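Asks: coords below, sequence missing:
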């Protein structure tokens, strides 16, 4: 079991994870009908780096890291994490988030920001809180949840330097 | 004097405005050394629409509108406004912001969000407040100001529907 940088060959296993999450429409700001080609661009091409959590040759989770705002904001990064539905509840998101903070520091980022956490996603909010992220913003009704309707989206933030 | 949709030919006059704002590095999350080609892509190609404020054939201000988040967030738009330094203090930003809210409603957006307003930019914060935007988030030290150092960035938001 390890976290390592993703290769383009990994997309075969990343795509089903991405597809599940996007189709559910409950947690990420991706269109539910995102195509495989669009997902490849979003998850592997656009970010600065992409990592996978691998166990015995199987990819169970993945995350990306990128600069959140250019210019005067480029010391703050943004990450997105996805875990295979079969592997949830095993601490893989925690492992990836801690890994991503080390990578972020190594790349020179001073803070990490999550721009759009559905307030209905209790598990994620609790986890990011536990890992030191503060809720610094609340966007009223900014997330259109497939069953709950409009829910707030949270902005979460952690300063990475001591 | 009118606000109208921008054409590619307008970039000749948009570029000096963009360049001034980006080079100052005090208000927008664009690299200070943004090239003309990059600016064209940022301001005219990527957004959903771009408008100019024109007076006697001269472009004094410009703004773009785009979808802020995809999928479950695509009912919220984002806008950016720039006014020529020679034309500031004349209410052009107000005119453009009011215009953009009408356009946003016409395009079906339900809310408008500014992701990254430097807290040091008092004039902008006051103006957006006056136009009905609430500060819904504060990102600690997320904006690296050229003379003030790290300052907070604000997230501002307005629900457009009645």
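Replies: Structure received. This one's a predicted model, so the numbers in the text were calculated from it and none came from an experiment.
Asks: Chain B contacts on chain A?
Replies: Listed as neighbours of chain B in chain A under the rule CB under 8 Å from any CB of the partner chain: A:22, A:25-26, A:28-32, A:34, A:69-76, A:110-111, A:113, A:115-116, A:118, A:136-146, A:153, A:155, A:157, A:159. For the C-beta atoms, the positions are set from N, CA and C on the backbone; glycine is no exception.
Asks: which element is the closest residue to chain B within chain A on?
Replies: Scanning chain A for the residue nearest chain B gives residue A:137, at 2.1 Å (criterion: CB to the nearest CB). With the criterion set as DSSP states H and E, the secondary-structure element containing residue A:137 is strand A:134-145.
Asks: what comes up buried for that strand?
Replies: For strand A:134-145, the buried set under the neighbour-count rule, 16 or more other CB atoms under 10 Å in any protein chain shown, comprises A:135-145.
Asks: Then stretch A:24-39?
Replies: Neighbour-count burial for stretch A:24-39 flags A:25-30, A:34, A:39 (criterion: 16+ other CB under 10 Å).
Asks: Same question for stretch A:10-20.
Replies: Under the neighbour-count criterion of 16+ other CB under 10 Å, stretch A:10-20 has A:10-11, A:13-14, A:17-19 buried.
Asks: Over to stretch A:73-90?
Replies: When neighbours are counted by 16+ other CB under 10 Å, the buried residues of stretch A:73-90 are found to be A:73-84, A:87.
Asks: Tell me which of those residues fall in helices.
Replies: Using DSSP state H, no member of those falls within helices.
Asks: got a pLDDT number for the residue nearest to the residue of chain A closest to chain B when sequence neighbours are not counted?
Replies: Distances taken as CB to CB, 6 or more residues apart in numbering or on different chains place residue B:137 nearest to residue A:137, at 2.1 Å, with adjacent residues excluded. The confidence metric pLDDT takes the value 98 at residue B:137.
Asks: which residues does residue B:137 bridge with?
Replies: Bridge pairing for residue B:137 (DSSP bridges) gives the partners residue A:137, residue B:155.
Asks: Which residue is the nearest non-sequential neighbour of the residue most central in space within chain A?
Replies: Geometric centre of chain A, nearest residue: residue A:80, 1.4 Å, by CA atoms, centre = their mean. Setting aside the residues directly before and after it, residue A:80 is nearest to residue A:64 in space (CB to CB, 6+ apart), at 5.4 Å.
Asks: Check which residues of the strand or helix carrying the one you found are buried.
Replies: Taking DSSP H and E as the criterion, the element that holds residue A:64 is strand A:58-67. Taking 16+ other CB under 10 Å as the neighbour-count basis, strand A:58-67 is seen to contain the buried residues A:59-65, A:67.
Asks: For that strand, which helices and strands make contact with it?
Replies: Strand A:58-67 sits against helix A:11-24, strand A:49-55, strand A:76-83, helix A:92-106, with contacts defined as 3 or more CB pairs under 8 Å, 6 or more residues apart in numbering or on different chains; DSSP states H and E.
Asks: Mean pLDDT added to those, as a markdown table?
Replies: Below are the helices and strands packed on strand A:58-67 laid out as a markdown table (pLDDT from 0 to 100):
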| stretch | mean pLDDT |
| --- | --- |
| helix A:11-24 | 97 |
| strand A:49-55 | 98 |
| strand A:76-83 | 98 |
| helix A:92-106 | 98 |
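Asks: Residue B:99 is nearest to which of the ones you listed?
Replies: Of all these, strand A:76-83 sits nearest to residue B:99, with 30.5 Å by CB to CB.
Asks: Which residue, neighbours along the chain excluded, lies closest to residue A:20?
Replies: Spatial nearest neighbour of residue A:20, excluding adjacent residues (CB to CB, 6+ apart): residue A:85 at 5.7 Å.
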